[in-house]
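Participant: dropping a prediction and its sequence here:
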Amino acid sequence: MQFDQRLPREVKVIDSASLFRLEERACALGLSQRLDPAWVRAEAAPHGTHYLWPALWHSLSHRQDVPRQLRCELLITLHAGDRVLSLLDVLPDDFTPLPRVTSREEGMQVRRLLDRAPSVREWLRPRACPHPAR
């Protein structure tokens with residue numbers, strides 16, 4: 001893959017099975033940006049719609065055996081309908097065949113959702129148990 005390759009300018013729409021597969025692959029490869037697959041399986045809506053928006057090319061300079069990845073913003077739909085933002089490193093061969101959003105308007109709607117969604121860390125913060133008083 002050439003290092004001057006342009007970043008794909010397409011938003012991908014994925015189902016939960018694809019999300020689980022991509023998270024598990026990123027985990028197995030030891031990619032930098034990913035979530036714990038067990039957390040994703042527990043929290044993502046099983047029949048939800050999720051989105052990947054490529055942000056930049058990323059490579060692991062210390063691991064020449066791992067191809068360059070697309071670092072994507074990931075919008076995950078949770079069980080209760082909440083949406084959270086994360087990052088996910090995806091190999092180009094896994095990204096390319098995923099279905100695209102169907103229109104520019106849908107892509108812009110996803111961009112607005114990404115801009116408003118709390119990160120996974122922010123979403124988890126109110127659910128964390130407070131530290132006991134000392």
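Facilitator: Nice, I can see it.
Participant: when you work out contacts or count neighbours from here on, use the C-alpha atoms and nothing else.
Facilitator: OK.
Participant: quick check: Leu87 vs Arg34, distance?
Facilitator: Between Leu87 and Arg34 the distance is 6 Å, computed by CA to CA, to the nearest Å.
Participant: can you tell me which residues contact Pro92?
Facilitator: Applying CA atoms under 8 Å, 6 or more residues apart in numbering to Pro92 gives the contacts Arg68, Gln69, Leu70.
Participant: dihedrals phi and psi, it?
Facilitator: Dihedral angles of Pro92 (phi, psi; degrees, to the nearest 10) stand at phi -60, psi -40.
Participant: what do you get for Ser32?
Facilitator: Torsion angles, degrees, to the nearest 10, at Ser32: phi -70, psi -40.
Participant: what about it, how many neighbours?
Facilitator: 16 (other CA atoms under 10 Å).
Participant: and the one 5 residues further on, by the same measure?
Facilitator: Residues near Pro37, counting by other CA under 10 Å, number 18.
Participant: tell me the helix or strand right after the host helix or strand of Ala38.
Facilitator: Using DSSP states H and E, Ala38 sits in helix 37-43. The element immediately downstream of helix 37-43 (helix or strand, assigned by DSSP H and E) is strand 49-58.
Participant: partner strands of that following strand, with direction?
Facilitator: strand 12-15 (antiparallel), strand 69-77 (antiparallel) (DSSP bridges).
Participant: what about the nearest residue to Ala117 once chain neighbours are set aside, distance to Pro97?
Facilitator: Excluding the flanking residues, the one nearest Ala117 by CA to CA, 6 or more residues apart in numbering is Val84, at 5.2 Å. Going from Val84 to Pro97 by CA to CA gives 24 Å.
Participant: same check on Thr49?
Facilitator: Taken as CA to CA, the span from Thr49 to Pro97 is 17 Å.
Participant: more crowded one of Val84 and Pro97?
Facilitator: Val84 (23 against 9).
Participant: beta partners for that one?
Facilitator: Assigned bridge partners for Val84, using DSSP bridges, are Ile76.
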